[in-house]
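Student: Structure here, sequence nowhere to be found:
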């Protein structure tokens, strides 16, 4: 028996009624990071690299209904264990795994028991245990949480002898709340963005920027370099010309107007950076000052993406500290929020 522990993110959003005759509580969207080594589950012929659940509980919190999604596209790594995205600048040709459509199954949740197992010299923790079943769900799945409802917990996967074989840890993300009368944040219009394949730092790893959706958690960096998880409020796309910002510790590909963080404080659009300027890069788990060598056009015009995580919140894209700022609305196309998870496809919930 082997144990696999994988961190998932749970996002609470308001959704339509889907459970029984009573209106459900808020919908819960659970996503995993890449599972390595992958799981072999009977619902899929290929190994499972990610798991997603989109479910709702009834007001009593004892039953629910939703979908279970299995991510089958394997991640691609370089020799250092970093994800291969196709945006590497060292001219080395690396193979990227082909996309495999995910398996999505209907599922239902039912409260099986509430209890705890005590430990010597430790206080007991009460947990609710939900059984996860469905017409095509063959795995022996449960969801254990301290509650109330679908809050932080874990997904035990049992074998045919009813013994827990794998455990998938889950964390809870509270919904983004806006003040009454203010409405949602304004739609940004500036062309500061990053091309597809740019890796954004998220709790527990990285995610391609084109796969991030409203409600997802990303890692934001405070003025003193501290990190914190922050919910994405809006995701948008545009089309723009790309530039390379070359430094003494790597290169980031972005648009001319994308603000990058200066070591001296404040921000400067990438296209206005000069040789000798010092900007912040995320390296070995902390902010590192790097020196700009030059900024050069790539000659490419591509679809680009950016994240709104607050008026001046700083997130990490391509391992460089970048600001997402929401200016006046109306000049770009806002992508529709869509639940997903895993490393390489937006279909997983």
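Tutor: Thanks, I have it. These numbers come from a predicted model, not from an experiment. Numbering: from 1, shown residues only.

Student: Tell me the spacing between residue 28 and residue 64.
Tutor: 8 Å (C-beta to C-beta, to the nearest Å). C-betas here are computed from N, CA, C, even on glycine.

Student: Revised request: answer the last question for residue 80.
Tutor: Using C-beta to C-beta, we find residue 80 at a distance of 41 Å from residue 64.

Student: So for these two, which residue has more residues nearby?
Tutor: Under the neighbour definition other C-beta atoms under 10 Å, residue 80 and residue 64 were set side by side, and residue 64 has more, 27 against 5.

Student: hang on, that one packs against residue 108?
Tutor: Yes - Residue 64 lies in contact with residue 108 (C-beta atoms under 8 Å); the separation is 6.6 Å.

Student: mind listing what's buried in stretch 300-317?
Tutor: When neighbours are counted by 16 or more other C-beta atoms under 10 Å, the buried residues of stretch 300-317 are found to be 302, 304-310, 313-317.

Student: again with stretch 288-301
Tutor: By neighbour count on 16+ other C-beta under 10 Å, the buried set for stretch 288-301 is 288, 290, 292, 295.

Student: what bridges to the first one?
Tutor: Listed beta-bridge partners, residue 288: residue 281 (assigned using DSSP bridges).

Student: thought it was touching residue 279?
Tutor: No - distance between residue 288 and residue 279: 9.9 Å, which falls outside the contact criterion (C-beta under 8 Å).

Student: quick one: stretch 316-327 to chain centroid distance?
Tutor: Its chain's average C-alpha position is 16 Å from that of stretch 316-327, according to C-alpha atoms, centre = their mean, to the nearest Å.

Student: Okay, buried residues for it please.
Tutor: Along stretch 316-327, the positions that meet the burial threshold by neighbour count (16+ other C-beta under 10 Å) are 316, 317, 318, 319, 320, 321, 322, 323, 324, 325, 326.

Student: next one: stretch 229-239
Tutor: In terms of neighbour count (16+ other C-beta under 10 Å), stretch 229-239 has its buried residues at 230, 231, 232, 233, 234, 235, 236, 237, 238.

Student: In strands only, show me the residues you listed.
Tutor: Mapping the buried residues of stretch 229-239 onto strands (DSSP state E) picks out 230, 231, 234, 235, 236, 237, 238.

Student: For the third one, name its beta-bridge partners.
Tutor: On DSSP bridges, the residues paired with residue 234 through beta bridges are residue 308.

Student: same check, this time on the first one
Tutor: In this structure, residue 230 bridges to residue 218 when assessed by DSSP bridges.

Student: Show me the chain divided up by domain.
Tutor: Domains of the chain are assigned by automatic domain parsing as 5-173, 194-334.

Student: who's in contact with stretch 259-271?
Tutor: Counting by C-beta atoms under 8 Å, 6 or more residues apart in numbering, stretch 259-271 makes contact with 192, 221, 243, 245, 252, 254-258, 273, 277-280, 289, 295, 314, 320-323, 325, all of which sit outside it.

Student: Then stretch 217-230?
Tutor: In this structure, residues lying in contact with stretch 217-230 by C-beta under 8 Å, 6+ apart are 9, 11, 173, 200-203, 207, 212, 231-232, 261, 280, 282, 286-287, 307, 309-310, 313-316, 321.
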